[in-house]
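S.K.: Can you look at this prediction? I've put the sequence above it.
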Amino acid sequence: MDEMKNLVYKSSDTTSSCSGGVMESRLEKFQIIFNNPTATYHVSDTVYGYGWIVLKEPIFVQSVCLEAIGEAKVEWMTSSDIQASDEEVFNYTTVLPIKGDKDSNDDLLHSGSHYFPFEFSLPPKLPSSFKGKHGRLRYYVRMTITTPGGPHHERTSKFAVISNLDLNKEPDASLPVENDTFEAIGSWCCVSGTVTATLKLEKKGFAVKEAIPVWAEIKNLSTRRICSTQVSLIQNVTYYSFRGRFSESSTLVTIHKGSVAPRGKQTWQRELLSIPTVAPSHLRGCKIIDIQYYIELSIKPAGIARKVKLPLDIVIGTVPVSKLQSPRTSYHPLPSTVNDTSCPFPFFESVSDQVFLTDKLCLQHMIPTAPPWEEDDDIP
């Protein structure tokens, strides 16, 4: 066997080290293949896969090591220096068995295909994969083949993780939320009047790919025309380093309305704003990246005047609010009708000394389509 081992390496003595040495010259294919074609997994899932190696000629291998890594990195520039930080959120390492001809501490792999299956479980509290302008959280598998002649050869392959955020466990996720404003419009030397606006949602928590019914009312009490109004879903990301933090906002989805005449009014009757496939709020499990979402009503007056903006915080999760917990009826402080067999208020039913809006006016749950999560950056 020692003579055979010498013969295997003798033919490659002239191979340049910069070309990868023995392993590189004899390697025809090296790939990592996951059992899920999209390489997307939920927390608590078991990830299955295998390394596929095709050799042109026989080679001796000392070990085949597998690493599954989840890491977060952030970096941004300030006026004086560069802020950066990194964090490892997941690490799994194992040595895979080699099925070859044994020679002391090495295994001889003959020419042809060889498979190295692997599996590992994802913890239940991993954060979701994420990619932003100044930071990202990614997961990947790295397989390393160690040969006695060196250098070693390795491959990496990315996979995505979707974390779990149950909105039924989030405070106030099932409760209605609203915000309003009363602002003057115009320049500092020429105020044209005021604008009032109200923005309402039937609940604070929404699941990924759910549609958000938006109710809004804008009253233009000025002499200036409002060019347009819009409602946007905005993602706000905060990055943390040891010496500071940095925030960035990006608009994910926007719906528009037309103009509002002077002394006019505009009403949004539960217009639907679709939520794309995004990471859940908070990004729990990661200490250096935090994600928040909010809805923003933006009012653009004509001429030289700043926009009127009205934000409203929301929570985006993966498990929707249960219908048993969601407020499907709206409470109205109307007088009791217990002593009256007929209820004088249309669309209302009396229950004890409270009156509720019946399900006839409830908005149906809608789930639009959205593009899948993807990350096209290379792993260094």
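M.R.: Now that the structure is in, tell me what you want to look at.
S.K.: how about the strands in the stretch 201-350 of the chain?
M.R.: With DSSP state E, counting those that start in this stretch as the criterion, the stretch 201-350 of the chain has strands at 205-207, 211-220, 226-240, 245-257, 265-274, 289-301, 308-317, 331-332, 348-351.
S.K.: give me the low-pLDDT residue ranges for the stretch 101-250 of the chain?
M.R.: 101-106, 150, 188-189 (pLDDT under 70).
S.K.: again, only this time at 80
M.R.: Along the stretch 101-250 of the chain, the model assigns pLDDT under 80 to residues 101-106, 149-151, 186-191.
S.K.: Repeat that for the stretch 251-380 of the chain.
M.R.: Ranges of the stretch 251-380 of the chain meeting pLDDT under 80: 323-380.
S.K.: Kindly recompute the last result at 50.
M.R.: Within the stretch 251-380 of the chain, the ranges that satisfy pLDDT under 50 run 326-375, 379-380.
S.K.: and Tyr140, how many neighbours does it have?
M.R.: Applying other CB atoms under 10 Å, we find 16 residues neighbouring Tyr140. Yep, even glycine has a C-beta here, placed from its N, CA and C like the rest.
S.K.: Kindly report the same for Glu71.
M.R.: 16.
S.K.: Let me know the secondary structure of it.
M.R.: strand (DSSP: H, G, I helix; E, B strand; the rest coil).
S.K.: domain assignment for this protein?
M.R.: Segmentation of the chain into domains, based on automatic domain parsing, reads 2-162, 167-328.
S.K.: circling back to that earlier point, among the strands of the stretch 201-350 of the chain, which is nearest Ile33?
M.R.: strand 289-301 (29.5 Å; CB to CB).
S.K.: what's the angle from that closest one to strand 245-257?
M.R.: Relative orientation of strand 289-301 and strand 245-257, computed by axes from the mean of the first three to the mean of the last three CA atoms, to 10 degrees: 40 degrees.
S.K.: Partner strands of strand 289-301 and their direction?
M.R.: Using DSSP bridges, the strands paired with strand 289-301 are strand 226-240 (antiparallel), strand 308-317 (antiparallel).
S.K.: residue boundaries of the helices in the chain?
M.R.: Applying DSSP state H to the chain gives helices spanning 2-10, 21-26.
S.K.: Quickly, which of those helices bottoms out on average pLDDT?
M.R.: Lowest mean pLDDT of those: helix 2-10, a mean of 46.
S.K.: List the beta-bridge partners for the closest residue in space to Arg306 that isn't next to it in sequence.
M.R.: Nearest non-adjacent residue to Arg306, counting by CB to CB, 6 or more residues apart in numbering: Ile185, 8.0 Å away. Note on Ile185: beta-bridge partners by DSSP bridges are Gly193.
S.K.: Give the burial count for Ile185, as a bare number.
M.R.: Using other CB under 10 Å, Ile185 has 24 neighbouring residues.
S.K.: quick one: it and Arg225 touch, right?
M.R.: No: contact criterion CB atoms under 8 Å: Ile185 and Arg225 do not qualify, at 10.5 Å.
S.K.: Overlap in contacts, those two.
M.R.: Common neighbours of Ile185 and Arg225 are listed as Pro301 (criterion: CB atoms under 8 Å, 6 or more residues apart in numbering).
S.K.: contacting residues for Ala261?
M.R.: 220, 225.
S.K.: gap between it and Cys190?
M.R.: Distance, Ala261 to Cys190, using CB to CB, to the nearest Å: 19 Å.
S.K.: residues in contact with the residue nearest in space to the middle of the chain?
M.R.: Closest to where the C-alpha atoms of the chain average out (CA atoms, centre = their mean) is Ala279, at 1.8 Å. When contacts are counted by CB under 8 Å, 6+ apart, Ala279 touches 127-130, 163, 291.
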